[in-house]
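A.B. asks: Let me see the structure of the following:
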Amino acid sequence: MAKKRNYGSGTIVADPADSKAFIGYLRRTIDGKRHKSPVFRGTKRRDVDIQLKNWEAAGGFNKMLSERQPRDRESVYTVGQYLDEWYPRAARNWADTTLGTNRSTFNRWCKEQTFCGLPFAEVKKQDVQDFFSRMPEKTSEGTRSRVHRLLHAAFQDAVDDDRLSKNVVKTSTSPTKPKSKVVEAFHPIHEAALVRSVAGDPYWHALILVALDTGMRQAEILGLQVREVDFMRGEVRVRRTCDTVERVPVVSEGAKTDGSIRDIQIAPETLEALRSLVVGKGERDHLFTEEGTLWTRTRFYDAWLAKIARAGLPHYKFHSLRHTCATSLLRQGCYLTAVSKRLGHSRPSITLDIYSSFLPADQTPLTLAFSARLKEHSSPKSVEAQEIGTQIGTSEVPTAA
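C.D. replies: Residues are numbered from 1 along each chain as shown. Prediction:
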């Protein structure tokens, strides 16, 4: 955890965007309203400390408030203009893993012309609700939630800077991201039909087997390179992802979490299916591409829908293959910790939260296991072991505390 030192009512902390730098800012309550100073940066805490003191000595909050635009000028200032100014400032404090997702979401959804054309100082709660109602019905709850978080942060900064009296995004009805994901696994009959339908296509046959066998995420599979398939050990190594940012495929080193960096032992059938894909490719070439070009999410989704339609199956997401892998292993009695590690979850509790309903609930094996233990205790070998223990002496037999 980054160390921080208070400076008045402000803070100096490690820069989230640069581990070798620090950022600092001040907060003051003036006339019952909270105000935040500009963010200062430096390679040392002392440098930031000096900048903060110099800023206060030069007038600080009094000068900043006096230079604020009058409210009548804000009335001709649009939401779009404010968001364009706000985004670069906010993005400097985001981690690299967050930056790509937020940038794509911001450019795709927060540029809606009707909303961005409204006068910034006159935005109302109903305007925000209308903005979300205009989003297509197929827009996922996760996307709606990310858009809401961005707009909420933007308008809250405006309130902190005394440019708005209240955060209308906060008071509007906010779309919430579901706490638990819906597990949609393939029905065994549909899984068999899918595998049969791609049996004559080496590319998709290998891709489907990898997904069903390993439970890897789509981005992890599309980021898989030739060098990460170990034919000697029968393993694949998850080391990178290939995702889409602003409609462009981007390969990132690392994975979703620390637990996502993993080695997965695969079945001989899956390994054999991968052999045909590595022929003629270099070690750093990707295994699953669109005729040599990295997939984007949209193009891959269209290709996936075509495959399941050709197999005569109802609509399934590609992520359902991951759910199918997990639920099948748990139903077969595989250890939860092993399944969690295979899926790349950071903690087994995450696996339990998502797939608890698929764990075996039949208690018959539990009673049979206890009966087997009793029979083992009464077996000749068990009696002989007890006699040996008696000869050794009771002093070496552990007693209850």
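
A.B. asks: contacting residues for Arg331?
C.D. replies: Arg331 makes contact with 358, 360, according to C-beta atoms under 8 Å, 6 or more residues apart in numbering. The C-beta positions use only the backbone N, C-alpha and C, and glycine is treated the same way.

A.B. asks: try 10 Å this time
C.D. replies: 185, 355, 358-360 (C-beta atoms under 10 Å, 6 or more residues apart in numbering).

A.B. asks: burial measure for Ala273, as a count.
C.D. replies: Using other C-beta atoms under 10 Å, the number of residues around Ala273 comes to 20.

A.B. asks: Pull up the gap between it and Pro188, please.
C.D. replies: 20 Å (C-beta to C-beta, to the nearest Å).

A.B. asks: What segments of the stretch 1-150 of the chain are strands?
C.D. replies: According to DSSP state E, counting those that start in this stretch, the stretch 1-150 of the chain carries its strands in the segments 5-7, 10-14, 22-25, 27-30, 33-36, 40-42.

A.B. asks: Excluding chain neighbours, what is closest to Arg233?
C.D. replies: Nearest non-adjacent residue to Arg233, counting by C-beta to C-beta, 6 or more residues apart in numbering: Gln265, 7.6 Å away.

A.B. asks: Show me what counts as buried in stretch 192-202.
C.D. replies: 194, 197-198 (16 or more other C-beta atoms under 10 Å).

A.B. asks: So for it, first residue to last residue, what's the gap.
C.D. replies: By C-alpha to C-alpha, to the nearest Å, the extent of stretch 192-202 from end to end equals 17 Å.

A.B. asks: Next: stretch 215-223.
C.D. replies: Using C-alpha to C-alpha, the end-to-end distance of stretch 215-223 comes to 14 Å.

A.B. asks: Let me know the distance separating Gly254 from Asn167.
C.D. replies: Taken as C-beta to C-beta, the span from Gly254 to Asn167 is 35 Å.

A.B. asks: Give me the more crowded residue out of those two.
C.D. replies: Using other C-beta under 10 Å, the more surrounded residue of Gly254 and Asn167 is Asn167, with 19 against 14.

A.B. asks: So that one is in contact with Asp161, correct?
C.D. replies: No - between Asn167 and Asp161 there is no contact under C-beta atoms under 10 Å: 11.9 Å.

A.B. asks: rewinding a little: ok, which pair from the contacts of Arg331 is furthest apart?
C.D. replies: Ala185 and Pro360 (15.5 Å; C-beta to C-beta).

A.B. asks: Compare the two and say which one has the larger neighbour count.
C.D. replies: Using other C-beta under 10 Å, the more surrounded residue of Ala185 and Pro360 is Ala185, with 20 against 12.

A.B. asks: tell me the SS of the more buried one?
C.D. replies: Here Ala185 is recorded as coil under DSSP: H, G, I helix; E, B strand; the rest coil.

A.B. asks: Can you verify Cys242 is assigned to a helix?
C.D. replies: No - using three-state DSSP, the secondary structure at Cys242 is strand, not a helix.

A.B. asks: Now do the contacts for it.
C.D. replies: Applying C-beta under 10 Å, 6+ apart, the residues contacting Cys242 are 218-225, 249-252, 286, 288-289, 294-297, 300.

A.B. asks: what about the stretch 151-300 of the chain, any weak spots by pLDDT?
C.D. replies: 172-181, 255-258 (pLDDT under 70).

A.B. asks: what are the ranges of the strands in it?
C.D. replies: Applying DSSP E, counting those that start in this stretch to the stretch 151-300 of the chain gives strands spanning 229-230, 235-238, 240-245, 248-253, 262-265.

A.B. asks: Ok, which of these comes nearest Thr337?
C.D. replies: Nearest of these to Thr337, taken as C-beta to C-beta: strand 262-265 at 12.9 Å.

A.B. asks: in its sheet, what does the closest one sit against?
C.D. replies: Applying DSSP bridges, strand 262-265 is found paired with strand 235-238 (antiparallel).

A.B. asks: what's in contact with the strand it pairs with?
C.D. replies: Contacts of strand 235-238 (C-beta under 10 Å, 6+ apart): 210, 213-214, 216-217, 220-221, 223-225, 227-230, 254-256, 260-266, 270-271, 274, 287, 344.

A.B. asks: Return that strand as PDB; C-alpha atoms alone will do.
C.D. replies: Taking C-alpha atoms only, strand 235-238 is exported to PDB below (Å, rounded to 0.1, in the frame of the first residue of the first chain):
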ATOM      1  CA  GLU A 235       0.600 -27.700 -21.200                       C
ATOM      2  CA  VAL A 236      -0.400 -24.200 -22.400                       C
ATOM      3  CA  ARG A 237       0.800 -21.100 -20.600                       C
ATOM      4  CA  VAL A 238      -1.400 -18.100 -20.200                       C
END
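
A.B. asks: quick one: that strand to chain centroid distance?
C.D. replies: Distance of strand 235-238 from the chain centroid (C-alpha atoms, centre = their mean, to the nearest Å) equals 20 Å.

A.B. asks: So, low pLDDT: which residues of the stretch 301-401 of the chain?
C.D. replies: Counting by pLDDT under 70, the stretch 301-401 of the chain shows low-confidence ranges at 381-401.

A.B. asks: How much space separates Arg275 from Arg237?
C.D. replies: 17 Å.

A.B. asks: Those two: which is more packed in?
C.D. replies: Set side by side, Arg275 and Arg237 show more neighbours around Arg237, with 16 against 12, by other C-beta under 10 Å.

A.B. asks: That one bridge partners, please.
C.D. replies: Beta-bridge partners, per DSSP bridges, of Arg237: Asp263.

A.B. asks: Go ahead and confirm Gly117 touches Thr78.
C.D. replies: Yes - between Gly117 and Thr78 there is a contact at 5.9 Å, judged by C-beta under 10 Å.

A.B. asks: Between those two, point out the one with more neighbours.
C.D. replies: Neighbour comparison, Gly117 and Thr78: the larger count goes to Thr78, with 16 against 11 (by other C-beta under 10 Å).

A.B. asks: Follow the chain on from the host helix or strand of Ile308 and name the next helix or strand.
C.D. replies: Assigned by DSSP states H and E, Ile308 belongs to helix 297-310. Counting by DSSP H and E, the element after helix 297-310 in chain order, helix or strand, is helix 320-331.

A.B. asks: Much appreciated, bye for now.
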